[in-house]
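Student: Structure of the sequence below:
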Amino acid sequence: MHADTDGSLSTESEYVELAVEVFSMLSDATRIRIILALRDQELSVNHLAEIVDKSAPAVSQHLAKLRLARIVSTRQEGTKVFYRLANEHARQLVADAIFQAQHTLSDDPAHHRGDHRTPEDVH
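Tutor: Got it, this is the predicted structure:
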């Protein structure tokens with residue numbers, strides 16, 4: 001973990017409101033599924049739509065919001081556009097949220113038993 005040398009983790013941080021916007025962007029199940037699908041690879045809209053079981057236009061709208069929030073970025077190859085996570089932080093946020101959700105269902109969640117990867121393994 002990096003030291004908080006610039007005070008960005010203080011209660012007075014200028015980033016608090018922006019962090020709220022990030023959490024707001026991640027408060028949609030389809031967007032969480034998109035991030036999970038992109039955690040280790042880049043994918044086209046059609047491939048993502050298959051994975052998250054939504055229409056391509058719906059996935060495209062979610063991706064546009066994630067792109068505006070700088071959570072995903074794109075690469076064009078001919079007429080196809082491929083999406084990938086812009087950095088490792090969205091992957092980590094989603095992994096930690098999933099692991100926190102496991103705690104709501106169990107006093108001994110799977111990630112503590114070694115049944116699944118820990119947040120550190122998600123990098």
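Student: So which elements touch the longest helix belonging to the chain?
Tutor: Secondary structure of the chain per DSSP state H: the longest helix is helix 88-105. Helix 88-105 sits against helix 29-38, helix 110-113, with contacts defined as 3 or more CB pairs under 8 Å, 6 or more residues apart in numbering; DSSP states H and E. C-beta: built from backbone N, CA, C; applies to glycine.
Student: Quick check: Leu66 vs Glu17, distance?
Tutor: As defined by CB to CB, to the nearest Å, Leu66 lies at a distance of 19 Å from Glu17.
Student: Can you redo the helices and strands packed on helix 88-105 as CSV, where the extra columns are distance to His103?
Tutor: Formatted as CSV, these follow (distance: least, CB to CB, whole Å):
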stretch, distance to His103
helix 29-38, 17
helix 110-113, 9
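Student: Highest mean neighbour count across these, which stretch is it?
Tutor: Most buried of these, by mean neighbour count (mean count of other CB atoms under 10 Å): helix 29-38, with a mean of 19.
Student: quick check: angle from that helix to helix 88-105?
Tutor: Put simply, helix 29-38 runs at 120 degrees to helix 88-105, going by axes from the mean of the first three to the mean of the last three CA atoms, to 10 degrees.
Student: Following element in sequence after helix 29-38, please.
Tutor: Counting by DSSP states H and E, the next helix or strand C-terminal to helix 29-38 is strand 43-44.
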